[in-house]
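S.K.: I would like the atomic coordinates for the input below:
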Amino acid sequence: QVQLVESGGGLVQAGGSLRLSCAASGRTSSSYPMGWFRQAPGKEREFVAAIRWSGLGTRYSDSVKGRFTISRDNAKNTVYLQMNSVKPEDTAVYYCAAAGVGVQRLEKASNYIYWGQGTQVTVSS
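M.R.: You can find the predicted model right below:
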């Protein structure tokens, strides 16, 4: 089992920045691809960003590309999501998740095995 705990959410003004962290514990493995998803009220959970174990392979949704950066520190079992130039439409609960080793389609939520509880991000206009 892997436990994931997100932190760093909060209230930020449009155009500002926020950094989310996801700390993994338990049966951790730096081989797990990691992803961030978000869910706004009344909407389905959507893919935000993902990163492979090496940190060299990253993927972003079109809505955040160029504004958000995903990174990981395997020594600390932590994944980060740096959010810059945030917009009101970025308001959502953000979840981090760990996928199975070797998974290809990292934008699919169904490929993720472990999920955190989520952290609220609210962007004011």
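
S.K.: beta-bridge partners for Tyr94, please?
M.R.: Here Tyr94 sits in beta bridges with Arg38, Thr119, going by DSSP bridges.

S.K.: ok, the residue lying closest to Ser85 once chain neighbours are set aside - contacts?
M.R.: Excluding its sequence neighbours, the residue lying closest to Ser85 (C-beta to C-beta, 6 or more residues apart in numbering) is Arg67, at 4.7 Å. For every residue, glycine as well, the C-beta is placed using N, CA and C. Residues in contact with Arg67 (C-beta atoms under 8 Å, 6 or more residues apart in numbering) are 83-86.

S.K.: run through this protein and note the low-pLDDT ranges.
M.R.: 28-30, 55 (pLDDT under 70).

S.K.: show me which positions of stretch 63-79 end up buried.
M.R.: 64, 68-70, 72, 74, 77-79 (16 or more other C-beta atoms under 10 Å).

S.K.: please apply the same query to stretch 108-123.
M.R.: For stretch 108-123, by 16+ other C-beta under 10 Å, it's 109, 111-112, 114-116, 118-119, 121, 123.

S.K.: first to last residue in stretch 98-112, what's the distance?
M.R.: 5 Å (C-alpha to C-alpha, to the nearest Å).
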